[in-house]
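1. From the sequence below, what's the structure:
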Amino acid sequence: MSRLATVDPATAEPQARALLGKVERALGVTPNMMRAMASSPAVLDAYLQFSGALSKGRLPGRVQEQIALVAAVENDCDYCLAAHTVLGAKAGVSDDDLVAGRKAQASDPKAEAALTFAKAVIATKGFVADEDLDAVRQAGYGDGEIGEIVAAVALNTFTNYFNSVGRTTLDFPPAR
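-> Numbering: from 1, shown residues only. Coordinates of the predicted model:
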């Protein structure tokens, strides 16, 4: 059972209603995580702005989704694992890579380097070794993309923690 209340878009305060409407238009549904975030429109707005900004970055959407899978596993968030398994498939991540991504692995070596680096960022709380940074650079990532990997880790850690605190009710098919 969820420990944080979810907001019904039909009865939400005006700012929350507008933000939830934006989510509904973009996704076709309003996930429970965002309904819970809407209890504080500032939280939902921050999440939407951060994720929206990253969607315009250099990292492909499929790599961002694979990073989300790494973060979900490393932070023990079943809600995010389920959500990003669905969203990753929609972004074009293969079934094999959806499973491999949970272990920071991918069929594409460059993507795998990003996932390995993301896992190192999580494991070291950002205090990665020079070798970790060298490896992601050798895979072809520049400083801007490295910054986006760190940002994707931060965004997904936020949602992982939010859903763990709230025990958000799963509204995606459970990840196998």
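2. C-alpha only now, for contacts and for neighbours.
-> Noted.
3. Which residues lie in contact with the nearest residue to Leu170 once chain neighbours are set aside in this structure?
-> Closest residue to Leu170 apart from its sequence neighbours, by CA to CA, 6 or more residues apart in numbering: Tyr79 at 5.8 Å. By CA atoms under 8 Å, 6 or more residues apart in numbering, Tyr79 lies in contact with 160, 163, 168-170, 172, 174.
4. For the one helix or strand Ser51 maps to, list every residue counted as buried.
-> In this structure, Ser51 sits in helix 41-55 according to DSSP states H and E. Across helix 41-55, burial judged by 16 or more other CA atoms under 10 Å covers 41, 44-45, 47-48, 54.
5. With pLDDT as extra columns, can I get those residues in a markdown table?
-> Below are the buried residues of helix 41-55 laid out as a markdown table (pLDDT from 0 to 100):
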| residue | pLDDT |
| --- | --- |
| Pro41 | 97 |
| Leu44 | 98 |
| Asp45 | 98 |
| Tyr47 | 98 |
| Leu48 | 97 |
| Leu54 | 97 |
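6. Generate TSV for those residues, with distance to Val136 as supplementary columns.
-> As requested, the buried residues of helix 41-55 are exported to TSV (distance: CA to CA, whole Å):
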residue	distance to Val136
Pro41	36
Leu44	32
Asp45	31
Tyr47	26
Leu48	27
Leu54	19
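7. Just the closest of those residues to Lys22, please.
-> Distance ranking of these against Lys22, using CA to CA, places Leu48 first at 9.3 Å.
8. Looking at this protein, which helix is longest?
-> Scanning the chain for the helix with the most residues, using DSSP state H, yields helix 143-166.
9. Pull that one out as PDB, backbone CA atoms only.
-> The C-alpha trace of helix 143-166 is given here as PDB (Å, rounded to 0.1, in the frame of the first residue of the first chain):
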ATOM      1  CA  ASP A 143      32.400  16.100 -21.000                       C
ATOM      2  CA  GLY A 144      28.900  17.200 -21.900                       C
ATOM      3  CA  GLU A 145      27.600  13.600 -22.300                       C
ATOM      4  CA  ILE A 146      29.400  12.600 -19.100                       C
ATOM      5  CA  GLY A 147      27.500  15.400 -17.400                       C
ATOM      6  CA  GLU A 148      24.300  14.100 -18.800                       C
ATOM      7  CA  ILE A 149      25.100  10.600 -17.500                       C
ATOM      8  CA  VAL A 150      25.600  12.100 -14.000                       C
ATOM      9  CA  ALA A 151      22.400  14.100 -14.400                       C
ATOM     10  CA  ALA A 152      20.500  10.900 -15.500                       C
ATOM     11  CA  VAL A 153      21.800   9.100 -12.400                       C
ATOM     12  CA  ALA A 154      20.700  12.000 -10.200                       C
ATOM     13  CA  LEU A 155      17.200  12.200 -11.700                       C
ATOM     14  CA  ASN A 156      16.700   8.500 -11.500                       C
ATOM     15  CA  THR A 157      18.100   8.300  -7.900                       C
ATOM     16  CA  PHE A 158      15.500  11.000  -7.000                       C
ATOM     17  CA  THR A 159      12.600   8.900  -8.500                       C
ATOM     18  CA  ASN A 160      14.000   5.700  -7.000                       C
ATOM     19  CA  TYR A 161      14.100   7.300  -3.500                       C
ATOM     20  CA  PHE A 162      10.700   9.000  -4.000                       C
ATOM     21  CA  ASN A 163       9.100   5.700  -4.900                       C
ATOM     22  CA  SER A 164      10.900   3.800  -2.100                       C
ATOM     23  CA  VAL A 165       9.800   6.300   0.500                       C
ATOM     24  CA  GLY A 166       6.200   6.400  -0.800                       C
END
